[in-house]
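Chemist: Turn this into a structure:
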Amino acid sequence: MKKTIKRYVLPLIGVIIFIVFLRHVPSRDILLRLRDIGLVNIIILLTLTSADLFLKSIRWKLLISKTTSIKIPLFFSFKTILAGIASGSIIPGRVELTRPLMLKANYEIPLASSIPALTTERIMDLISLLFIMIASALLISSTKNIVFLSPAIISMIVLGVLGILIIAFYPHWLLLAQKTLNSIFRARIFEKIKIRGALNYFFDSYIQSISKLKKSYISSMTIFSCIINGIEIIRFYFLLQMLGIDASLAATGFAFTASIIIGIATMIPGGVGVTEVSASQIITSMTPTATKGIVASAILLERVIAYYLLVILGALILTFSVKSER
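Modeler: Numbers count the residues shown, from 1 in each chain. Next up is the predicted model:
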C-alpha cells in the first residue's frame, strides 16, 4: 500500500496541483514576460544555471574523491548530476541512486562507497537550505507574514540543536553506529539470513567511507553548498526583478528555500506542483504590489529554466547511456 502511494498517488497529486497552479498563469502573459526579459537576460539566467550545475559537479567530484579515493572526470560528474535530477523527478522525496549506479557501471565503484557521498551531499544541501531560510527570515523587515516565518523560527531551533550535536559528537556518532550495527548482525535473528554477510559488509564499508570526511571538510563543503544555493537564489531574484516584481533578496531567498523544503517534505517527486504553489504564495504574500498572475508566470519561468529543462537534458543522458551500454 505504501509503495502504491509513493509510486502513483504522490506523483498524481503533484500533477493535479501543478495543473491548478497553471490555471493562474495566463498563456499570453508568458509570451509577454519572455519578450520583456529579452534574449540577453535569458542567456544570463541560463549562464547562472550552468554555473550552478558546474559547482555541483565539482562538489560531487570532490566528495567521490574523498570517500572512494577515485578521481572521476568533471564532465562525467556533470552528466551524473543531470541524470540524477531526471531520476529524482520520478522517485519520491528526491531520493535517487542514478549517480552511484553510473559510478559503479563506469568506474566499478561499490555502492557502499558512493552512497555515503550522496547521503552527505543531501544532508549538506538540506542544512544549507535551512540556514539560508533562517537568515532570510531574520532579514525580512516586515513581520506581518508570521505564518510563513514561523517554520523558519522552528527550523532555527532544530537546526541549532542538531548542528551542535552532529558536529560536536561526529566521531562518536560513527563509532556508536558501527557498534550498534555489529551487535544487530550478531543477533540470532540474522543467523539464518543468507544476505547477513553482504549487509554487514555494506554497512561497514558505508561507515568507513563516511569516517574519511573530517569535521573541517564537512563544514567547508556545507559552506560550498550555501554558495551553490545562493547562486540559484540570485538567479531567481534577477528573474523577479526583470519581470517588475519588487521582492527583496531576503524574501526571494525565503521563498526559494521554503518552497524546496516543502516539496521535499511532501515526498512528491521533484516537488512538482507543491514547489510552484508554495513559492507563488510566499512571494505574493510578501510583495503586495505584485499580482498573482505575474508572480505565477515568474515562478513557472524559474522552474522551467532551473528544473524542467534540466530534467529533459538528464533524461536524454540516461537514454543515451542505456543505449551505449547495450
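
Chemist: show me where pLDDT drops low in the stretch 201-326 of the chain?
Modeler: For the stretch 201-326 of the chain, the stretches flagged by pLDDT under 70 are 201-211, 321-326.

Chemist: what do you get if the cut-off is 50, keeping everything else the same?
Modeler: In the predicted model, the stretch 201-326 of the chain carries pLDDT under 50 at residues 323, 326.

Chemist: can you give me the strands for it?
Modeler: Assigned strands in the stretch 201-326 of the chain: none (criterion: DSSP state E, counting those that start in this stretch).

Chemist: model confidence over the helix or strand hosting I43, on average?
Modeler: Using DSSP states H and E, I43 sits in helix 39-68. For helix 39-68, mean pLDDT is 91.

Chemist: Please pull up the helix or strand immediately following it.
Modeler: Next along from helix 39-68, by DSSP H and E: helix 74-88.

Chemist: I'd like to know which elements that next one is packed against.
Modeler: helix 39-68, helix 98-107, helix 309-325 (3 or more CB pairs under 8 Å, 6 or more residues apart in numbering; DSSP states H and E). (Glycine included, C-beta is placed from N, CA and C.)

Chemist: Tell me which other helices or strands the first one touches.
Modeler: Secondary-structure packing of helix 39-68 (3+ CB pairs under 8 Å, 6+ apart): helix 74-88, helix 111-139, helix 196-211, helix 215-242, helix 309-325.

Chemist: picking that back up, buried ones in the helix holding I43, by neighbour count?
Modeler: 44-45, 48-49, 52-57, 59-64, 66-68 (16 or more other CB atoms under 10 Å).

Chemist: again with stretch 273-290
Modeler: Buried-residue list, stretch 273-290, by 16+ other CB under 10 Å: 273-287, 290.

Chemist: returning to what we had before: okay, the helices and strands packed on helix 39-68 in a markdown table with distance to I268 and mean neighbour count next?
Modeler: Shown next, in a markdown table, are these (distance: least, CB to CB, whole Å; neighbours: other CB atoms under 10 Å):
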| stretch | distance to I268 | mean neighbour count |
| --- | --- | --- |
| helix 74-88 | 12 | 21 |
| helix 111-139 | 17 | 20 |
| helix 196-211 | 28 | 16 |
| helix 215-242 | 20 | 18 |
| helix 309-325 | 14 | 14 |
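
Chemist: Kindly present these as TSV, with separate columns for distance to S259.
Modeler: Converted to TSV, those look like this (distance: least, CB to CB, whole Å):
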stretch	distance to S259
helix 74-88	16
helix 111-139	10
helix 196-211	30
helix 215-242	10
helix 309-325	17
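
Chemist: Would you mind saying which of those lies nearest E302?
Modeler: Closest to E302 of the helices and strands packed on helix 39-68, according to CB to CB: helix 215-242, at 5.4 Å.

Chemist: Next, find the distance separating the closest residue to T80 other than its chain neighbours from G88.
Modeler: Of all residues not flanking T80 in the chain, R99 sits nearest, at 4.4 Å (CB to CB, 6 or more residues apart in numbering). Distance, R99 to G88, by CB to CB, to the nearest Å: 10 Å.

Chemist: ditto for I234
Modeler: In this view, I234 and G88 are 23 Å apart by CB to CB.

Chemist: ok now do the nearest residue to L62 once chain neighbours are set aside, which residues does it touch?
Modeler: Once flanking residues are discounted, L62 sits nearest to M221: 7.4 Å by CB to CB, 6+ apart. Contact partners of M221, counting by CB atoms under 8 Å, 6 or more residues apart in numbering, are 59, 62-63, 120, 124.

Chemist: Between those, which sits nearest P73?
Modeler: L62 (13.1 Å).

Chemist: Relative to I44, how far out is that closest one?
Modeler: 27 Å.

Chemist: cool, and F236?
Modeler: 13 Å.

Chemist: Kindly report the same for S220.
Modeler: 29 Å.

Chemist: L213 too?
Modeler: For L213, the distance to I44 - CB to CB - is 35 Å.

Chemist: I'd like to know how far the nearest residue to Y217 once chain neighbours are set aside sits from I109.
Modeler: Among residues not flanking Y217 along the chain, K66 sits closest, at 6.8 Å (CB to CB, 6+ apart). According to CB to CB, K66 and I109 sit 13 Å apart.
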